[in-house]
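Chemist: The sequence isn't on hand, but the structure is:
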């Protein structure tokens, strides 16, 4: 009797996964648009530093590390150390940046 139930649950799960992937694509596009607007704003005012936001649904965490680093460097006022970049990525992900190790 549970085979139709499990089948239905698996089907619904697949539908939700598809919806999440579609929504992530939309969010990536919106974030790219925001980054483009920030870049144009900096062309008019190099000191302009827009308010930072946290990406929804952990999008930044799942996004390419390279993309995240490049986005941080584009917004930087000058050269950054690897530690500063790492701290910025952690802060954007909502992780503890105080140096304490998280319990496993």
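Modeler: Great, that's in hand. Please read all numbers here as calculations on a predicted model, not as lab measurements.

Chemist: By mean pLDDT, point me to the weakest helix or strand of this protein.
Modeler: helix 59-62 (a mean of 54; mean pLDDT, DSSP states H and E).

Chemist: Following the chain onward from that one, which element is next?
Modeler: helix 65-75 (DSSP states H and E).

Chemist: Now for residue 9: which residues touch it?
Modeler: Residue 9 makes no contacts at all, as judged by CB atoms under 8 Å, 6 or more residues apart in numbering. C-betas here are computed from N, CA, C, even on glycine.

Chemist: what helix or strand is it on?
Modeler: In the assignment (DSSP H and E), residue 9 maps to helix 2-44.

Chemist: avg pLDDT for that helix?
Modeler: Average pLDDT, helix 2-44: 87.

Chemist: Between helix 65-75 and that helix, find me the angle.
Modeler: 30 degrees (axes from the mean of the first three to the mean of the last three CA atoms, to 10 degrees).

Chemist: how far does helix 2-44 sit from the chain's center?
Modeler: Its chain's C-alpha centre and that of helix 2-44 lie 12 Å apart, by CA atoms, centre = their mean, to the nearest Å.

Chemist: same deal with stretch 66-76?
Modeler: The answer for stretch 66-76 is 12 Å, by CA atoms, centre = their mean.
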